[in-house]
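# Fold the following, please.
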Amino acid sequence: MLGNFHVRTDLALEARESFEEDDVKIRGVRVETREDEEKEIRTTLVKIETENGARTMGKPVGTYITMEAPNMSGQDEDYHREISEELAYHLKKMIGEREQSVLVVGLGNRDVTPDALGPRVVSNIEITRHMIREYGRAALEGKRANEVSSLVPGVMAQTGMETLEIIKGVVEETRPDVVLVIDALAARNTRRLSRTIQISDTGINPGSGVGNHRNGINKEALGVPVISIGVPTVVDAATIVGDTMEEMVETLDSSGKVRGFGGALGTLNRVEKQQMIRELLSPHLNTMYVTPKDIDETVKRISFTISEGINIALGGMA
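Just a heads-up that it's a prediction; the model follows:
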């Protein structure tokens, strides 16, 4: 069934879960989970090690780290600090400990709140490249002397250019050692909205989760390693209908009020149910994406959390 149906999600963890529901084992894909009960952060490593695993998962070979923090959309500053430190830990492992030049790119449309995560993160990054070039590494007063620069390329509707074209031009001119891209993602599970951070060393395909496929921003395209950070801020309408239908069937069947209500639906897995829903929904609803009503405050808060994690990882903050 998965062969002719694309699960609309940017999260490798959710792509893997689609197969777990069917009890399918994927060769070449390794999954490890760590639960930090004190910090209330669940971390899942999905490592795609072979081309077979990549074809099955529909994602490139590489490492995908998913941090799930159920209270990330809340206002607890201490909790957000812990998330920032956990993010910094994983970024340091991917970027490396040696001092290097890092270009931080904020993808998305600043004028559309669910898509504004990348630009807002970049606005809070501590930029150091110009200081080091002007005054030398001593200007950072003993901090790690990573040369940090930033870019907000906008979207094609604003610039008339592919995002990759803009980034590639800047990379060729400034020659960073690493490109770090931040983008808003799409999820297939409502409980992961604004509560999940994915870090990957495979780059990113802007808009792929919502069906707007743009050229991939990755090492093959830019010639330097690309690390991506993303937070799901939208979910499609079919997913919401599917979740609601599944809960309704389970509730009615378990209560015994309407025996056998699920009928044939009970024999379908989650992905098959979602495909049936997409076929039933009108073309208009089938392309609709939904975001939480408090997304303005949520994106503002999470953007600070991510920028703080990046600043810690790159040595800009203690």
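# CA atoms for contacts and neighbours, from now on please.
OK.
# contacting residues around the helix or strand containing residue 169?
Residue 169 belongs to helix 163-174 when assigned by DSSP states H and E. Contact with helix 163-174 is made by 151, 153-156, 214-217, 221-222, as judged by CA atoms under 8 Å, 6 or more residues apart in numbering.
# out of those, who has the most neighbours?
residue 217 (24 neighbours; other CA atoms under 10 Å).
# Ramachandran coordinates for that residue?
phi -100, psi 100 (degrees, to the nearest 10).
# ok, now which ones touch residue 145?
Counted by CA under 8 Å, 6+ apart, residue 145 has contacts 99-100, 132, 137, 315.
# Which residue in those residues has the weakest pLDDT?
Within the contacts of residue 145, residue 137 has the lowest pLDDT, namely 71.
# The closest residue to that one other than its chain neighbours and residue 93, how far apart?
Computed as CA to CA, 6 or more residues apart in numbering, the closest residue to residue 137 that is not its neighbour in sequence is residue 145, at 5.9 Å. Distance from residue 145 to residue 93, counting by CA to CA, to the nearest Å: 17 Å.
# so residue 14 touches residue 188, yeah?
Yes - contact criterion CA atoms under 8 Å: residue 14 and residue 188 qualify, at 7.3 Å.
# quick one: which of the two has more around it?
When residue 14 and residue 188 are compared for neighbours, residue 188 comes out ahead with 25 against 19, by other CA under 10 Å.
# which residue is nearest the middle of this protein?
Residue closest to the average C-alpha location in the chain (CA atoms, centre = their mean): residue 230, at 2.7 Å.
# Phi and psi next, for that residue.
Main-chain torsions, residue 230, degrees, to the nearest 10: phi -140, psi 150.
# As a check, name the ranges of all strands in the stretch 51-200 of the chain.
Counting by DSSP state E, counting those that start in this stretch, the segments of the stretch 51-200 of the chain that form strands are 62-68, 101-106, 147-151, 178-187, 196-200.
# for these, which one sits closest to residue 83?
Nearest of the strands of the stretch 51-200 of the chain to residue 83, taken as CA to CA: strand 62-68 at 8.5 Å.
# got a list of contacts for the closest one?
Contacts of strand 62-68 (CA under 8 Å, 6+ apart): 11-13, 41-49, 192, 195-202.
# Which of those fall in helices?
12-13 (DSSP state H).
# Show me which of the contacts of strand 62-68 are buried.
Buried subset of the contacts of strand 62-68 (neighbour count, 16 or more other CA atoms under 10 Å): 11-13, 41-49, 192, 195-202.
# Pull stretch 36-56 out as CSV, backbone CA atoms only.
The C-alpha atoms that make up stretch 36-56 are tabulated as CSV, following Å, rounded to 0.1, in the frame of the first residue of the first chain:
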residue,chain,number,x,y,z
ASP,A,36,15.0,11.4,29.7
GLU,A,37,12.3,11.4,32.3
GLU,A,38,13.8,14.2,34.3
LYS,A,39,14.0,16.6,31.4
GLU,A,40,10.8,15.2,29.8
ILE,A,41,12.5,14.8,26.5
ARG,A,42,12.3,11.7,24.3
THR,A,43,15.0,11.3,21.7
THR,A,44,14.8,8.9,18.8
LEU,A,45,17.7,8.2,16.4
VAL,A,46,16.7,6.9,13.0
LYS,A,47,19.9,6.0,11.0
ILE,A,48,19.4,5.0,7.4
GLU,A,49,22.5,3.0,6.6
THR,A,50,21.9,1.5,3.1
GLU,A,51,20.4,2.5,-0.2
ASN,A,52,17.8,-0.2,0.3
GLY,A,53,16.7,1.5,3.5
ALA,A,54,16.7,4.9,1.8
ARG,A,55,14.4,3.6,-1.0
THR,A,56,12.0,2.0,1.4
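# Mind listing what's buried along stretch 89-103?
For stretch 89-103, by 16+ other CA under 10 Å, it's 90-92, 94-95, 100-103.
# What's the separation between residue 105 and residue 310?
12 Å.
# between the two, who's got more neighbours?
residue 310 (28 against 22).
# Which residue, other than its chain neighbours, is closest to the more buried one?
Nearest to residue 310 is residue 88, by CA to CA, 6+ apart, at 6.0 Å.
# show me the contacts for the one you found.
309-313.
# Just name the closest of the contacts of helix 163-174 to residue 53, please.
Closest to residue 53, out of all of those and judged by CA to CA, is residue 216, at 19.3 Å.
# burial of residue 223, as a residue count?
15.
# which phi and psi does it have?
phi 80, psi 0.
# Can you give me the pLDDT of it?
The predicted local confidence for residue 223 is 95.
# State the distance from it to residue 56.
Counting by CA to CA, the gap from residue 223 to residue 56 is 26 Å.
# I'd assumed residue 226 was in contact with residue 181.
Yes - the pair residue 181 / residue 226 is scored as a contact, 7.3 Å apart, by CA under 8 Å.
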